[in-house]
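Novice: need a structure here:
(one chain, ligands or ions: 1)
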Amino acid sequence: MTIPDTLYCANMKFSVEPNLKSFSPVSGEVIAEIAKTAPMEVKTLVTRARQAQKAWGALSLNARSRKIKGLCGVLAEKAEDIAETISRETGKPLLESVYHEVFAAAELARFFGSDTPKILKKRRISIHLLKYRSSYLHYVPRGVIGIITPWNYPFTISFGDVVMALAAGNAVVLKPSEITPTIGLKIKEVIEAAGIDPDLLQIAMGAGDVGAALVEGGTDMIHFTGSGATGRKIAEACGRQLIPYVLELGGKDAAIVLDDADLDYTAGALVHGGFANAGQVCASVERIYAVESIYDPLVKRIVEKVQNLRQGDGLTGEVDVGPMIFPKQLAIVESQVAAAIEAGATVRTGGSAKDGRYFEPTVLTDVTDEMGVMRDETFGPTLPIMKVKDVEEAIAKANDSRYGLSAYVFTRNTQRGREIAERLEAGTVDVNDVLLTHAIPETPWGGIKESGIGVAHSAEGLRHFCQQRHVNYNILPSFAMPWVFPYQRRIAFAGFDFVKGLYGSSNLFKRLLHLLRGSWQVVMALRSSKKG
Ligand code: ADP
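Specialist: Prediction:
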């Protein structure tokens with residue numbers, strides 16, 4: 001009898017293979033085998049998490065935050081081990097694993113470990129009219145959060161989302177990317193080492209079928225980072241169930257270089273923005289618009305810097321650019337670059353795949369708006385550069401995109417840079433830097449248009465993980481107001497005076513007269529109703 005490698009159940013495709021294999025992106029060898037979660041087991045994980053959440057959610061904000069802060073010490077202790085695990089499974093340079101992942105994760109734990117009580121404390125709302133009552137917002141944990149994460153920043157993205165969800169008093173079922181499962185397990189290890197109840201973080205290990213099962217698994221919210229195609233499926237499923245979701249999706253981030261930019265610094269920043277993590281960054285610099293007066297010298301500097309990039313195994317080598325983490329991504333980059341060349345783009349350096357696992361750091365010029373490399377997310381080590389006549393053309397082209405995650409402006413005149421930044425359609429705009437803000441926990445991270453819905457990080461991001469309850473209460477002894485039953489026409493007419501007195505456009509004196517007349521009518525109405 002032949003055993004099928006896939007099985008269909010309730011219209012979902014399941015892999016029969018019991019283990020998930022983790023492959024080295026450098027050698028292609030299997031580096032770990034991890035037991036898979038069967039999609040039908042996911043609901044059990046949610047139930048277990050829900051049970052653990054009860055005690056966690058009942059802790060005071062301070063007690064919970066102390067535990068979250070404790071994660072910093074664990075990260076410091078395990079920094080080498082975590083960074084090596086990241087570089088082994090992704091091939092990214094060790095320096096990136098330390099700075100872009102471990103550091104960023106520690107900063108998130110520090111911020112949410114110290115500021116959560118301030119962010120989630122009850123917030124008074126000042127009321128304009130009904131001064132005899134008062135209001136406040138009270139933030140309540142949602143319950144169990146389903147978190148689904150990708151392979152490009154497998155530690156810091158997953159860790160940050162888990163930290164925010166826990167800080168807000170929730171339990172979590174995390175589905176790390178099937179491409180980077182050992183890093184997913186590291187997150188569990190760190191949480192447990194900080195003395196946080198292990199049942200608060202359940203790991204659902206597997207591919208898209210397990211992710212889909214989690215979305216349907218009875219959680220109270222889904223926090224997703226990944227592709228737009230999967231994001232749409234998740235939004236549909238959450239919409240059907242009426243559960244909230246946050247989507248952090250892709251980008252096609254534009255950089256605008258003005259005539260007064262410091263060209264050497266700018267070229268260095270753009271090369272870092274385009275090639276860090278081998279371009280597998282949602283906020284990568286994916287297209288450059290340079291004004292014509294500085295176009296040639298900028299391109300020259302960029303090409304020189306790109307040609308100096310060293311490519312290889314990020315775990316063991318002295319390298320700047322690692323392999324493609326997800327082999328299928330190599331094919332996407334290859335086909336986009338080949339199509340651009342076919343359509344007339346000039347390859348200034350790089351241009352093809354190497355050793356089956358790498359893509360050469362590539363600079364393209366003579367690109368057009370219609371080319372895929374200028375319109376679709378590439379998620380690889382390529383930098384297409386376009387000459388524009390002025391900044392207005394650059395802004396129009398930058399905004400002519402279905403994405404809106406980040407954008408970048410380079411100029412020596414920071415004030416001018418800020419004015420341009422405010423006109424760019426993106427969730428985050430950096431003036432004179434790249435890729436920085438995801439690591440700043442105080443600032444919101446999220447995209448507009450097809451780049452996502454909602455934000456991560458920041459006070460706003462943390463509050464997404466809570467139900468917001470509005471409590472309105474009396475501050476004077478309760479009494480019945482004239483607008484309750486039984487209604488009186490006289491009081492209705494007084495209402496016209498109040499509207500005119502409070503919001504009308506006539507002069508102050510006339511408005512005062514309306515208020516007085518309205519009040520008089522109410523008093524008379526109340527008197528006559530008492531007599532009656
Ligand atoms: P990428 O192409 O970058 O891997 P995906 O959106 O496919 O982006 O994957 C991001 C995460 O979403 C991964 O953890 C993946 O397993 C998960 N995933 C893929 N398909 C689905 C799905 N239908 N429902 C839920 N999660 C999914």
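Novice: mind listing the strands in the stretch 151-300 of the chain by residue range?
Specialist: 171-175, 201-203, 221-225, 245-248, 253-257, 285-291 (DSSP state E, counting those that start in this stretch).
Novice: Those: which one's closest to the ligand?
Specialist: strand 171-175 (5.6 Å; Cβ to the nearest ligand atom). Just so you know, the C-beta spots here come from the backbone N, C-alpha and C atoms, and that holds for glycine as well.
Novice: Who are the contact partners of whatever residue of the stretch 101-250 of the chain ends up closest to the ligand?
Specialist: At 2.2 Å from the ligand, Gly211 is the closest residue in the stretch 101-250 of the chain, using Cβ to the nearest ligand atom. Gly211 makes contacts with 148, 175, 204, 230, as judged by Cβ atoms under 8 Å, 6 or more residues apart in numbering.
Novice: Thr443 now?
Specialist: Going by Cβ under 8 Å, 6+ apart, Thr443 touches 428, 437, 457-458.
Novice: Let's have the strands of the stretch 151-300 of the chain in JSON lines, adding mean pLDDT and mean neighbour count.
Specialist: Compiled in JSON lines, the strands of the stretch 151-300 of the chain are given as follows (pLDDT from 0 to 100; neighbours: other Cβ atoms under 10 Å):
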{"stretch": "strand 171-175", "mean pLDDT": "98", "mean neighbour count": "28"}
{"stretch": "strand 201-203", "mean pLDDT": "98", "mean neighbour count": "23"}
{"stretch": "strand 221-225", "mean pLDDT": "98", "mean neighbour count": "26"}
{"stretch": "strand 245-248", "mean pLDDT": "98", "mean neighbour count": "24"}
{"stretch": "strand 253-257", "mean pLDDT": "98", "mean neighbour count": "28"}
{"stretch": "strand 285-291", "mean pLDDT": "98", "mean neighbour count": "26"}
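Novice: Make JSON lines from those strands and add distance to Phe359 to it.
Specialist: JSON lines is the format used below for those (distance: least, Cβ to Cβ, whole Å):
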{"stretch": "strand 171-175", "distance to Phe359": "28"}
{"stretch": "strand 201-203", "distance to Phe359": "31"}
{"stretch": "strand 221-225", "distance to Phe359": "23"}
{"stretch": "strand 245-248", "distance to Phe359": "24"}
{"stretch": "strand 253-257", "distance to Phe359": "19"}
{"stretch": "strand 285-291", "distance to Phe359": "14"}
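Novice: Quick one, which of the ones you listed gets closest to Gln415.
Specialist: strand 253-257 (15.3 Å; Cβ to Cβ).
Novice: Quick one: list the elements packing against that closest one.
Specialist: With contacts taken as 3 or more Cβ pairs under 8 Å, 6 or more residues apart in numbering; DSSP states H and E, strand 253-257 sits against helix 263-275, strand 285-291, helix 391-399, strand 406-410.
Novice: which residues are in contact with it?
Specialist: Applying Cβ under 8 Å, 6+ apart, the contact partners of strand 253-257 are 266, 270, 273, 283-291, 294, 298, 391, 394-395, 397-398, 401, 403, 405-410, 420, 424, 426, 434.
Novice: Val303 against Val347, yeah?
Specialist: No. Counting by Cβ atoms under 8 Å, Val303 stays clear of Val347, with 10.3 Å between them.
Novice: okay, and the common contacts of the two?
Specialist: Shared contacts of Val303 and Val347 (Cβ under 8 Å, 6+ apart): Val363.
Novice: Farthest pair within the contacts of Gly211?
Specialist: Ala204 and Thr230 (15.1 Å).
Novice: Which of those two has more residues huddled nearby?
Specialist: Neighbours were counted for Ala204 and for Thr230 using other Cβ atoms under 10 Å; Ala204 has more, 25 against 19.
Novice: Need phi/psi at the more buried one.
Specialist: Note on Ala204: backbone dihedrals following degrees, to the nearest 10 are phi -100, psi 110.
Novice: Kindly report the same for Asp355.
Specialist: phi 50, psi 20.
Novice: burial count for it?
Specialist: Neighbours of Asp355 (other Cβ under 10 Å): 9.
Novice: Also the one 10 residues further on?
Specialist: Thr365 sits with 20 neighbouring residues when counted by other Cβ under 10 Å.
Novice: Then Asn472?
Specialist: Counted with other Cβ under 10 Å, Asn472 comes out at 11.
Novice: Which residue comes closest to Arg88 once chain neighbours are left out?
Specialist: Counting by Cβ to Cβ, 6 or more residues apart in numbering, the nearest residue to Arg88 once its immediate chain neighbours are dropped is Leu315, at 5.3 Å.
Novice: thought that neighbour was touching Glu80?
Specialist: No. With contact defined as Cβ under 8 Å, Leu315 does not count as touching Glu80 (11.9 Å).
Novice: Those two: which has the busier surroundings?
Specialist: Neighbour comparison, Leu315 and Glu80: the larger count goes to Leu315, with 22 against 12 (by other Cβ under 10 Å).
Novice: and Ala238, how far is that from Gly231?
Specialist: For residue 238 the amino acid is Cys, not Ala. As judged by Cβ to Cβ, to the nearest Å, Cys238 and Gly231 stand 10 Å apart.
Novice: Repeat that for Val431.
Specialist: 28 Å.
Novice: The two: who's more crowded?
Specialist: Gly231 (22 against 18).
Novice: Can you name the residues that contact that one?
Specialist: Contacts here follow Cβ under 8 Å, 6+ apart; on that basis Gly231 touches 224, 247, 249, 452.
Novice: got a list of what the third one touches?
Specialist: Translated: Leu249. So Leu249 contacts 225-228, 231, 282, 405, 447, 450-452 (Cβ under 8 Å, 6+ apart).
Novice: where does it fall, phi/psi-wise?
Specialist: Taking degrees, to the nearest 10 as the convention, Leu249 sits at phi -110, psi -160.
Novice: Spell out which parts of the stretch 151-300 of the chain neighbour the ligand.
Specialist: 151, 175, 177-178, 207-208, 211-212, 215, 226-227, 230, 233-234 (Cβ under 6 Å from any ligand atom).
Novice: hmm, try it at 8 Å
Specialist: 151-152, 175-179, 206-212, 214-215, 224-231, 233-234, 237 (Cβ under 8 Å from any ligand atom).
Novice: in the lengthiest helix in the chain, what counts as buried?
Specialist: Ranked by number of residues, the top helix in the chain under DSSP state H is helix 61-90. Buried residues in helix 61-90, counted by 16 or more other Cβ atoms under 10 Å: 61, 64-65, 67-72, 74-75, 78-79, 82-83, 85-90.
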